[in-house]
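# A structural model of the following input is requested.
(one chain, ligands or ions: 1)
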Amino acid sequence: MSGIVFFRTERLEEVCEFYTRRVGAGVWLRQAECVLLKHGNFLFGFCRGERAETQGVLTFFYPRPEQVDEAFERLKDRARGAPKENERYRIRHFYADDPEGRSVEFQSFLHPVPPHEDGADLLAGRRSVRRYRGDPVAEDVLGGVFELCAFAPSSRNRQPCSFVTIRRAELLGELAAVRGESSAPIGRAPLAVAVIVDTARAGRPADDGAITATCLLFAARAHGLGTCWIADMDRLAVRAALGIGETERIVMITPLGYPDEDPPIPPRRPPVVRVAPA
Ligand SMILES: Cc1cc2nc3c(=O)[nH]c(=O)nc-3n(C[C@H](O)[C@H](O)[C@H](O)COP(=O)(O)O)c2cc1C
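Okay, here's the model as predicted:
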């Protein structure tokens, strides 16, 4: 299920230009006299009409408070005032006017929020995060991440994976030092998670482990958390420190925490698709 909020407008082109060029929305669909826009999972549309509908507030929210200030710099000429914190709602925000005088709010929640990003944005928006804020990750948020991972497919539905959470600062420091700069992000997060596969239970341990680990990256992102796949640290000392059993294998370790950076998208190869010989 999804939904769209519609507004009548007397200045369709100008209003759409504002929301696409200045706010950063994309055109989702064009229909006769309407243009439907998308910003994250927010769908809103404008239809040509004789009288503009200007009631209500269109609120756009960002994961990090700094992004509200960046939006303010871009939209200063339309802002009603500088960004400020509202303690009652625990948000950082500012208001602006769109070209027809609708109220537009730009905000960031100063606390974790439940998952809201949809599939395509989740897939395209995940990045490897190597710098984290110190804010703790609440147990119920962590539980929500692991619950999402339970939907991972596994060979013969054996569900052979488990997770080890690592919060002890000393151990995080040791794990961060195992592989130099490659493993250093572990030391910058409030916790790390190791994905473990039980080879005695798994139908296909390598596949099952990689799939669950990949799900962990997206489940964490859905909860606003950053991750970074740190390749196998299956060393005796690490195994002992994490209490890994004889038939178990460490698939990967990831730092987990609220991102303190918004990494750009590294270059992507265009899809390589070949047609099987006839
Ligand atoms: C199997 C695997 C191993 C990786 N190992 C490391 C690592 O040891 N250290 C690290 O900082 N990043 C590691 N990464 C993250 C990659 O560098 C990253 O996914 C890639 O540069 C693309 O960036 P993105 O994840 O932001 O899209 C690893 C990723 C994968 C899938």
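# what does the stretch 1-150 of the chain have sitting close to the ligand?
Residues of the stretch 1-150 of the chain found near the ligand, taking C-beta under 6 Å from any ligand atom as the criterion, are Arg127, Ser128, Arg130. Heads up, the C-betas are built off the backbone N, CA and C, glycines and all.
# could you dump the residues you listed to a markdown table with secondary structure and distance to Trp229?
Shown next, in a markdown table, are those (DSSP: H, G, I helix; E, B strand; the rest coil; distance: C-beta to C-beta, whole Å):
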| residue | secondary structure | distance to Trp229 |
| --- | --- | --- |
| Arg127 | coil | 11 |
| Ser128 | strand | 7 |
| Arg130 | coil | 11 |
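# ok, now which ones touch the nearest residue to Glu261 once chain neighbours are set aside?
Leaving aside its sequence neighbours, Glu261 sits nearest to Arg131 (C-beta to C-beta, 6 or more residues apart in numbering; 4.4 Å). Going by C-beta atoms under 8 Å, 6 or more residues apart in numbering, Arg131 touches Pro185, Arg188, Pro259, Asp260, Glu261.
# near the ligand, list only the ones from these.
Pro185.
# may I ask which of the contacts of Arg131 has the most neighbours?
Pro185 (24 neighbours; other C-beta atoms under 10 Å).
# and the nearest residue to that residue once chain neighbours are set aside, backbone torsions?
Setting aside the residues directly before and after it, Pro185 is nearest to Arg130 in space (C-beta to C-beta, 6+ apart), at 4.2 Å. In terms of degrees, to the nearest 10, the main-chain angles of Arg130 are phi -120, psi 0.
# neighbours of Arg130, just the number please.
18.
# who touches it in this structure?
Applying C-beta under 8 Å, 6+ apart, the residues near Arg130 are Ala184, Pro185, Arg188, Cys228, Pro255, Glu261, Pro263.
# before we move on, what about Phe72?
Contacts of Phe72 (C-beta under 8 Å, 6+ apart): Ala79, Ala82, Pro83, Phe94, Phe106.
# closest to Val35 among those residues?
Nearest to Val35 among the contacts of Phe72, counting by C-beta to C-beta, is Phe106 at 21.1 Å.
# so what pairs up with the closest one in the strands?
Phe60, Phe94 (DSSP bridges).
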